[in-house]
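Engineer: My questions are about this predicted structure, shown below with the sequence.
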Amino acid sequence: MTSFTPTELGRRIGSGLLSFPVTHFTAGDLSFDADAYRANIERLAAYEVGGLFAAGGTGEFFSLTASETEQVVTAAVQAAPEGTPILAPAGYGTRTAVEYARAAERAGADGILLFPPYLTEAGQEGLAQHVEAVCRSTRLGVIVYGRANATYSADTLARLADSCPNLIGYKDGIGDIDAMTRIYTRLGERLTYVGGLPTAEMFALPYLELGVTTYSSAIFNFLPEFALDFYGAVRERRHDTVIKLLNDFVLPYTEIRDRRGGYAVSIVKAGMTATGHGAGPVRPPLTDLTEGELAELTALIAGVPAPTA
């Protein structure tokens, strides 16, 4: 049973860095490695985080079956210490998303990240109905993920905020500063705003001025101390430190990430391997980094300065 009301969860999510753990697969048949996954959740939860998002985008939600997703979320709930929020995914068509939301409750999750509907484009009215149906199906707090074919206008989010008391957040994976300004100006503190662009550290400082107090850090999976240092520098507006960390690690990291489609996830699993926390390969249609790219990433990670005291 969840330890957080939707309002409490919204406040908690916005108060710290968010971790989107990878999902561990075996090297042979690419099945879910539950024991290794639980151990990793325990490792990550030892740090101060605003919440853990099980089976999210970095966790390869798109490659998991519905039953596997419930297994992953259940394992995260079981492994996380009391007081650490666990959020589960919901997505695809509206009825399927409702089933995912109900499964999240069964698994004991504290909240839901609602991914865009599968494949098809949709207008604002259809997107609003989609979100309303999911919110009505659960008592858990819901964060909507604006990305790809799910581009929510400020008017639509305002309507949803009025009609869905358990809508607690908006995750932006679009990167439209004009739209984000309109959303934050219109809704203010009604929602918690999450930065959700790939390698969110790239956008963390400018987005902070738009009310985006937290973001989903994939880097946290394999360099948690670095990720927390970066987040602290952003929240304290230490611009020189942020720029240095961008130059020292984040920008070279994104150069490797951008070499092939899907590497935004693959490079995270490679980072786990490079730091001695191997999580197995990615599932198709993703592909793993080449041996040369893994060596390049390993050398880059080795040059990261020690965390601040």
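Structural biologist: Ah, there it is.
Engineer: And the strands in the stretch 101-250 of the chain?
Structural biologist: For the stretch 101-250 of the chain, the strands defined by DSSP state E, counting those that start in this stretch cover 111-114, 141-146, 167-172, 192-195, 214-217.
Engineer: Looking at the ones you listed, which is nearest to residue 298?
Structural biologist: Closest approach to residue 298 among those is made by strand 214-217 (19.6 Å; C-beta to C-beta). C-beta: built from backbone N, CA, C; applies to glycine.
Engineer: which of the residues in stretch 94-113 are buried?
Structural biologist: Counting neighbours by 16 or more other C-beta atoms under 10 Å, one finds that the buried residues in stretch 94-113 are 94, 97-101, 103-105, 107-113.
Engineer: re earlier: make CSV from the strands of the stretch 101-250 of the chain and add distance to residue 88 and mean pLDDT to it.
Structural biologist: Formatted as CSV, the strands of the stretch 101-250 of the chain follow (distance: least, C-beta to C-beta, whole Å; pLDDT from 0 to 100):
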stretch, distance to residue 88, mean pLDDT
strand 111-114, 6, 98
strand 141-146, 11, 98
strand 167-172, 14, 98
strand 192-195, 15, 97
strand 214-217, 14, 96
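Engineer: Turn those into a markdown table, including distance to residue 10.
Structural biologist: Output for the strands of the stretch 101-250 of the chain, formatted as a markdown table (distance: least, C-beta to C-beta, whole Å):
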| stretch | distance to residue 10 |
| --- | --- |
| strand 111-114 | 9 |
| strand 141-146 | 6 |
| strand 167-172 | 4 |
| strand 192-195 | 5 |
| strand 214-217 | 11 |
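Engineer: hang on, the earlier thing: can you list which of the buried residues of stretch 94-113 are found in helices?
Structural biologist: 94, 97-101, 103-105, 107 (DSSP state H).
Engineer: Next, format these as TSV and append pLDDT.
Structural biologist: Formatted as TSV, these follow (pLDDT from 0 to 100):
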residue	pLDDT
94	98
97	98
98	98
99	98
100	98
101	98
103	98
104	98
105	97
107	97
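Engineer: Distance to residue 186 for the residues you listed - can I get that in a markdown table?
Structural biologist: Putting those into a markdown table (distance: C-beta to C-beta, whole Å) gives the following:
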| residue | distance to residue 186 |
| --- | --- |
| 94 | 25 |
| 97 | 25 |
| 98 | 27 |
| 99 | 31 |
| 100 | 28 |
| 101 | 26 |
| 103 | 32 |
| 104 | 28 |
| 105 | 30 |
| 107 | 34 |
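Engineer: just to revisit the earlier point, can you check which of the strands of the stretch 101-250 of the chain gets nearest to residue 254?
Structural biologist: With C-beta to C-beta as the measure, strand 214-217 is the member of these nearest residue 254 (13.5 Å).
Engineer: Need the contact partners of the closest one.
Structural biologist: 13-20, 50, 53, 56, 58, 171, 192-196, 200-201, 203-204, 207, 227, 230-231 (C-beta atoms under 8 Å, 6 or more residues apart in numbering).
Engineer: Would you list the buried entries among these?
Structural biologist: So, by 16+ other C-beta under 10 Å, the buried ones in these are 13-14, 16-20, 50, 53, 56, 58, 171, 192-196, 200-201, 203-204, 207, 227, 230-231.
Engineer: Residue 233 contacts residue 242, doesn't it?
Structural biologist: Yes - in this structure, residue 233 is within contact of residue 242 by C-beta atoms under 8 Å, at 5.0 Å.
Engineer: so where do the helices sit in the stretch 1-150 of the chain?
Structural biologist: Residue ranges of the helices in the stretch 1-150 of the chain, as given by DSSP state H, counting those that start in this stretch, are 6-13, 34-45, 66-79, 94-107, 124-136.
Engineer: The second one relative to helix 66-79, how many degrees between them?
Structural biologist: It refers to helix 34-45. 50 degrees (axes from the mean of the first three to the mean of the last three C-alpha atoms, to 10 degrees).
Engineer: could you dump helix 34-45 to CSV, C-alpha only?
Structural biologist: In CSV, the C-alpha atoms belonging to helix 34-45 read as follows (Å, rounded to 0.1, in the frame of the first residue of the first chain):
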residue,chain,number,x,y,z
ALA,A,34,15.0,-10.1,-10.6
ASP,A,35,17.7,-10.7,-8.0
ALA,A,36,20.2,-8.4,-9.7
TYR,A,37,17.5,-5.8,-10.2
ARG,A,38,16.6,-5.8,-6.5
ALA,A,39,20.2,-5.5,-5.5
ASN,A,40,20.6,-2.5,-7.7
ILE,A,41,17.4,-0.8,-6.4
GLU,A,42,18.9,-1.2,-2.9
ARG,A,43,22.1,0.3,-4.0
LEU,A,44,20.5,3.3,-5.7
ALA,A,45,18.0,3.9,-2.8
